[in-house]
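**Q** Predicted model and sequence below, questions to follow.
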Amino acid sequence: MSNPTISLPFTTLDLERNRPQSGWFASSRLRNRVAVITSSILALFLFFRYWNHAVHRTSNHSTASTLQPLSPIYEGVEISDQLAGVTHLIVLAGHAIWLGGQSYLQDKDWILEPYQHGQTALFAAHIVRGAELLAQDASALLVFSGGETRAGAGSRTEAQSYAQLLDLLMSEGKVAGVPATEPGQVFSTEASSLQFRATTENFARDSFDNLLFSLCRFYEVTGRYPTKVSVVGYQFKADRFHNLHRAALKYPETAFVYVGLDQDDPAVAALTGHPIDKTTLSMQSQDNVDKARPQFERDLYACHDPELTQKKKHRNPARRRHGYELSNPLLKPLLEFCPSKAATSLDAQLYPAKLPWS
């Protein structure tokens, strides 16, 4: 009576050890060796093919200063050829949430903080200016930045509401170089071209987040970091962005531009059809003082100061959290960085390592 043979998925165990072998391929042990060698060769082939593809993609999406490895979560996700030449980031920082519809100049059209009443035309003017900068530069990407900052807004983010309002403003012909939508059109050709180079960043809770997270979003969309950054926002925040936020991120001063608009800007009057009255302008100019600047100067990364950290919590009622450390592996240490409380000067607080753009 012959001994049994047990067959497993990838091998054969012969229980009769001294059974004579009958031919080259009759040896189960040899067949296993052939299978292992074949599998190893195939694995090496696939590895080198993947490695060559990854190196090629990384080199195609590098800045002039550094190669930037693509995050594994983007493997297989191709970047549009239309974004191949995009190197200029335009950040449009959100300040409130538009509720939608066909009106945007009244307070009731927005969810506002008490101090923001009467500023709705200014918010729209910020959007128009950002879109005009985008239209003037084919190498630019416009990033609307701002999260779910208001409990009464549901799942709306500042960024999404601004992007939607841009659609309405373009359809009305409010953006220079973009004709109004013709009857039967969804969007004009010019508007569609701009929309393709505009995106949202839906997690920022303060002005530092606006800049840092927009850099992260730019990388998610283009596979590289920008060689130029422009920020559109309140004029009175220009110093904070330029000398604190930009400095905290070590972004080159010569490649950074701040475009500021306040209530007295002609763009606001162009939207409303009349100049803002002097009494209202005087009252609002008193509010246009950068009260948060001293706090950011003491706490560049907004991780210690009780008022700054409390604002972040207050502006995150839905308890959202970004995942930029996954999509931007080179920036993970920066995203998690918080200097010592003992560090008081700007130099002592600065992130110590080199960044992709520095």
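**A** Received the coordinates, thanks. Numbers count the residues shown, from 1 in each chain.
**Q** Any figure for the gap between the residue at minimal distance from the centre of the chain and Leu166?
**A** Central residue of the chain (C-alpha atoms, centre = their mean): Arg217, 1.7 Å from the mean position. Per C-beta to C-beta, to the nearest Å, Arg217 is found 16 Å from Leu166. Using the backbone N, CA and C atoms, a C-beta is placed for each residue, glycine as well.
**Q** which ones are touching the residue nearest to Ala140 when sequence neighbours are not counted?
**A** Excluding the flanking residues, the one nearest Ala140 by C-beta to C-beta, 6 or more residues apart in numbering is His88, at 4.0 Å. The contact partners of His88, by C-beta atoms under 8 Å, 6 or more residues apart in numbering, come to Asp137, Ser139, Ala140, Leu141, Pro226, Thr227, Lys228, Val229, Ser230.
**Q** What of Ser139?
**A** Here Ser139 is in contact with Gly85, Val86, Thr87, His88 (C-beta under 8 Å, 6+ apart).
**Q** Pretty sure the third one sits against Thr227.
**A** To tie it back to what came earlier, the one meant is Thr87. Yes - in this structure, Thr87 is within contact of Thr227 by C-beta atoms under 8 Å, at 4.6 Å.
**Q** Neighbour count: these two, which is higher?
**A** Comparing Thr87 with Thr227 by other C-beta atoms under 10 Å, the one with more neighbours is Thr87, at 19 against 15.
**Q** For the more buried one, give me phi and psi.
**A** phi -130, psi -10 (degrees, to the nearest 10).
**Q** which residues does it contact?
**A** Thr63, Ser139, Arg224, Pro226, Thr227, Lys228.
**Q** now with 6 Å?
**A** For Thr87, the contacting residues are Ser139, Pro226, Thr227, by C-beta atoms under 6 Å, 6 or more residues apart in numbering.
**Q** Please apply the same query to Pro317.
**A** By C-beta under 6 Å, 6+ apart, Pro317 lies in contact with Ala151.
**Q** Please settle this for me: is it part of a helix?
**A** No - counting by DSSP: H, G, I helix; E, B strand; the rest coil, Pro317 falls outside a helix, being coil.
**Q** Quick check: the gap between it and Gln119.
**A** From Pro317 to Gln119 the distance is 22 Å (C-beta to C-beta).
**Q** Same check on Pro333?
**A** Distance from Pro333 to Gln119, by C-beta to C-beta: 37 Å.
**Q** repeat for Gln82
**A** 35 Å.
**Q** And for Leu169?
**A** Relative to Gln119, Leu169 is positioned 16 Å away (C-beta to C-beta).
**Q** Which one's more surrounded, those two?
**A** Remark: of Leu169 and Gln119, Gln119 carries more neighbours, 24 against 20, as counted by other C-beta under 10 Å.
**Q** next one: phi and psi at the more buried one?
**A** Dihedral angles (degrees, to the nearest 10) for Gln119: phi -110, psi 10.
**Q** show me what contacts it?
**A** By C-beta under 6 Å, 6+ apart, no residues touch Gln119.
**Q** ok now the helix or strand containing Asp167, how far from the chain's centre?
**A** Asp167 is part of helix 158-171 when elements are defined by DSSP states H and E. Its chain's C-alpha centre lies 17 Å from the corresponding centre of helix 158-171 when counted by C-alpha atoms, centre = their mean, to the nearest Å.
**Q** quick revisit: ok, so of the contacts of Ser139, who is nearest Trp357?
**A** Nearest to Trp357 among the contacts of Ser139: Thr87, at 11.0 Å, using C-beta to C-beta.
**Q** any idea how far that closest one is from Tyr234?
**A** According to C-beta to C-beta, Thr87 and Tyr234 sit 26 Å apart.
**Q** Just the element for Leu89, please.
**A** Following DSSP H and E, one finds Leu89 within strand 88-93.
**Q** chain center to the helix or strand just after that strand, what's the gap?
**A** Moving toward the C-terminus from strand 88-93, the next helix or strand (DSSP H and E) is strand 97-98. Distance of strand 97-98 from the chain centroid (C-alpha atoms, centre = their mean) equals 19 Å.
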